[in-house]
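J.: Next input, structure requested:
(chains A and B)
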Amino acid sequence: MNNTALRMQHSHAGPVCILSVGGRIDSGNAADLLDRLNGLLSSGEKTILLDLKEVLYLTSAAFRVLLVASDEAERNAARMVLCGLAGQVRELFEMGGLLEAFTVHGSREDALARL
Amino acid sequence: MPLPPTTHIVIRNNVADLAVLTAAMGRVGDEHGIPEKALFQLQVALDEIVSNVIKYAWPEGGAHDIEIRITPREEGIEIEIIDDGRMFDPREAPKRDKPLPGQRPQPGGVGVQMTKQLVDRVDYARIDNRNHTTLTKLCALGSAVSGRKKT
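T.: Model prediction:
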């Protein structure tokens, strides 16, 4: 099950904080993702790029976290944008009606060129 | 030709068991030749329903079992989720409101909305104070169903 555990790693590209997420996001670990995002916001990050390219599996628990974190970003005069949505994961965003709720870029490079 | 029998899985009402359920579903998928996309969609739909049960079925708390029965049918896969929590018919879940322009949607109800799109049918019955929620996904099954012998 290790290859499907939730993995998170952050790095910086200039003023942009990139959080790469991989593996599986479900009700059992979504709180870990929220903690990580809140931690980045409270440490003063103003632009967070959430790269979901390596996510293999997610449920609506992930959407809840992204909605809550986006609100928190707004309260901190920060913003959170997404990239790397592909295949079945992207389809889940569409089914949940969540694609238009976030700023979504194609690849990480596309996103960084626009931020 | 007889179809392979039902697979029974029992988990506790603990979100840590959801990954176990996905893995078990993966094994059933391999065994019955469920196409990859249909399997992914069934895994997510099952996860959504069981997550809801874990979160809301027993407001009083305590340890409870949730039973999952996976049955290959001629036309696809049927998954029945059984719990003795309070009554909840997912078919009756209120439709989510469209967010006002410029506003972010509310997170509530996304899981049920997705489930209805991920499978072809959602059925529900309350039998002996238990919820029986049944998900049906139409798909062509692989060689296991057409007679491959189990070793």
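J.: For the chain, just list every one of the strands.
T.: No chain in the question, so chain A it is. Assigned by DSSP state E, chain A shows strands spanning A:7-13, A:16-25, A:47-58, A:79-83, A:103-105.
J.: ah, I was thinking of chain B
T.: B:7-12, B:65-73, B:76-83, B:121-127, B:130-138.
J.: for the last one, packing partners?
T.: Pointing back at strand B:130-138 there. Contact here means 3 or more CB pairs under 8 Å, 6 or more residues apart in numbering or on different chains; DSSP states H and E; on that basis strand B:130-138 packs against helix B:36-56, strand B:76-83, strand B:121-127. C-beta coordinates here come from the backbone N, C-alpha and C atoms, glycine included.
J.: Compare the ones you listed and give me the one nearest chain A.
T.: Chain A sits nearest to helix B:36-56 of all those, at 4.4 Å, using CB to the nearest CB.
J.: Flag every residue of chain B that's near chain A.
T.: By the rule CB under 8 Å from any CB of the partner chain, the part of chain B lying against chain A is B:15-16, B:18-19, B:22-23, B:37, B:40-41, B:43-44, B:47-48, B:51, B:54-55, B:96, B:99, B:104-107, B:110-111, B:113-114, B:117-118.
J.: Of these, keep whichever come out buried.
T.: For the residues of chain B next to chain A, a neighbour count by 16 or more other CB atoms under 10 Å in any protein chain shown gives the buried set as B:15, B:18-19, B:22, B:40-41, B:43-44, B:47-48, B:51, B:54, B:96, B:104-105, B:107, B:110-111, B:113-114, B:118.
J.: Thanks a lot, see you next time.
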